[in-house]
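S.K.: this one's sequence-less:
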């Protein structure tokens, strides 16, 4: 599968200061992408049919609503499906929510994802989330509700308070990862590590992310900023150049096509790394393996594996030629 989604973390600023935020966003954050460069990248998607979806997140993208409107309209005009993510702080009443979502739908928005859990609830009332979801259903905008939890944490009271707003969205309750704020404020035992590291595969293939700092990453995981897997700056690379760098990156090729067992074996037996037996999900394992310092250490082993795969493919081609 190729890379079919381009996402922008348009800025880091947020109305909330959630304890577990992977970006440690808050109202004082000032980092943001150059809006004109974002628009250039969106225009470039028109010539890249493999990119099917363009998404906008933050921080809280509704804090710069006019920019969000422009980005959504331009992405839609470029022939792309358009999505955004919000905490719903702006939906103080139904008329406001309906008006904003009507405008965004008219510009091309097709999906909205809501983030709400015990941490967001400190800053955004569940009633606001309910209003957004109900307005989206009325407007036939598909929705997702994502709720982050640490080990043994309950969210049933939030689900109850959203009530009828839950009739429309897909609901995801996802374990908190040790990224950003969560890695600082939570204890190690707060993370629900249930997955054995053996046999894991990358689950985030297909996404290109332009982070609020302008660096381009090959996935949308909350842990990705802790890795050395960036392919460069969107200020210096065109979108097609970034795609070429991603598609021709040997490490990323193996991540897409091999189990993590290949990298685990190298880490333990060649590099002397100590790995946990279990992780929250594969993204935590990825961040442990591929820190900026570790990435160069894997390079010679990756090239050896690529050569092996090329020889295997050449042998298969020879057999096919003899049988044809």
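M.R.: Happy to help now that I have it. The structure displayed is predicted, hence computed values, not measured ones. Numbers count the residues shown, from 1 in each chain.
S.K.: going forward, measure contacts between C-alpha atoms and count neighbours the same way
M.R.: Will do.
S.K.: ok, residue 129 - contacts?
M.R.: 87, 88, 89, 91, 114, 116, 162, 165 (C-alpha atoms under 8 Å, 6 or more residues apart in numbering).
S.K.: so the last one touches residue 130, yeah?
M.R.: This means residue 165. Yes: Residue 165 is within contact range of residue 130, at 4.7 Å (criterion: C-alpha atoms under 8 Å).
S.K.: picking that back up, out of the contacts of residue 129, which sit inside strands?
M.R.: Those of the contacts of residue 129 mapping onto strands are residue 114, per DSSP state E.
S.K.: Quick check: of the contacts of residue 129, which lies closest to residue 307?
M.R.: Among these, residue 114 lies closest to residue 307 (C-alpha to C-alpha), at 44.6 Å.
S.K.: mind checking which helix or strand of this structure has the lowest mean pLDDT?
M.R.: None of the helices or strands of the chain scores lower by mean pLDDT, DSSP states H and E than helix 295-323, at a mean of 79.
S.K.: Flag the shaky bits of the stretch 1-150 of the chain, pLDDT-wise.
M.R.: Low-confidence regions of the stretch 1-150 of the chain, defined by pLDDT under 70, span residues 1.
S.K.: hey, where'd the strands end up in it?
M.R.: Counting by DSSP state E, counting those that start in this stretch, the stretch 1-150 of the chain has strands at residues 5-9, 53-57, 81-86, 109-115, 142-149.
S.K.: Put together JSON lines for the ones you listed, with mean neighbour count and distance to residue 95 on each row.
M.R.: Shown next, in JSON lines, are these (neighbours: other C-alpha atoms under 10 Å; distance: least, C-alpha to C-alpha, whole Å):
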{"stretch": "strand 5-9", "mean neighbour count": "23", "distance to residue 95": "28"}
{"stretch": "strand 53-57", "mean neighbour count": "23", "distance to residue 95": "23"}
{"stretch": "strand 81-86", "mean neighbour count": "23", "distance to residue 95": "18"}
{"stretch": "strand 109-115", "mean neighbour count": "21", "distance to residue 95": "17"}
{"stretch": "strand 142-149", "mean neighbour count": "20", "distance to residue 95": "18"}
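S.K.: could I get these as a markdown table with distance to residue 202?
M.R.: A markdown table is the format used below for the strands of the stretch 1-150 of the chain (distance: least, C-alpha to C-alpha, whole Å):
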| stretch | distance to residue 202 |
| --- | --- |
| strand 5-9 | 16 |
| strand 53-57 | 20 |
| strand 81-86 | 23 |
| strand 109-115 | 22 |
| strand 142-149 | 20 |
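S.K.: which one of those lies closest to residue 308?
M.R.: Closest to residue 308 of the strands of the stretch 1-150 of the chain is strand 5-9 (C-alpha to C-alpha; 30.7 Å).
S.K.: Could you check the angle the closest one makes with strand 53-57?
M.R.: Compare the direction of strand 5-9 with that of strand 53-57 by axes from the mean of the first three to the mean of the last three C-alpha atoms, to 10 degrees and you get 20 degrees.
S.K.: neighbouring contacts of strand 5-9?
M.R.: Residues contacting strand 5-9 (C-alpha under 8 Å, 6+ apart): 33, 38, 51-59, 206-212.
S.K.: Give me the subset of those residues that lies in helices.
M.R.: residue 38 (DSSP state H).
S.K.: give me the number of residues near residue 304?
M.R.: The tally of other residues near residue 304 (other C-alpha atoms under 10 Å) stands at 11.
S.K.: Oops, could you answer that again for residue 218 instead?
M.R.: 24.
S.K.: cool, and residue 285?
M.R.: For residue 285, using other C-alpha under 10 Å, the count is 21.
S.K.: hang on, it packs against residue 199?
M.R.: No: applying C-alpha under 8 Å as the test, residue 285 and residue 199 come out as separate, 11.7 Å apart.
S.K.: mind checking which of the strands of the stretch 1-150 of the chain is nearest residue 257?
M.R.: Counting by C-alpha to C-alpha, residue 257 lies closest to strand 5-9 out of the strands of the stretch 1-150 of the chain; the figure is 18.8 Å.
S.K.: what sits opposite residue 113 in the beta ladder?
M.R.: residue 85, residue 144 (DSSP bridges).
S.K.: if I look at it, how far off is residue 70?
M.R.: Using C-alpha to C-alpha, to the nearest Å, residue 113 is found at 19 Å from residue 70.
S.K.: what comes into contact with stretch 19-27?
M.R.: Contacts for stretch 19-27 (C-alpha under 8 Å, 6+ apart): 12-18, 59, 119, 176, 179-183, 185, 222-223.
S.K.: now swap in stretch 184-197 and tell me
M.R.: 19-20, 150-151, 175-178, 260-261, 276-282, 285.
S.K.: Could I get the buried residue list for it?
M.R.: By neighbour count on 16 or more other C-alpha atoms under 10 Å, the buried set for stretch 184-197 is 190, 191, 192, 193, 197.
S.K.: Quick check: the gap between the most centrally placed residue in the chain and residue 3.
M.R.: Of all residues in the chain, the one closest to the mean position by C-alpha atoms, centre = their mean is residue 220, 2.1 Å from it. In this view, residue 220 and residue 3 are 12 Å apart by C-alpha to C-alpha.
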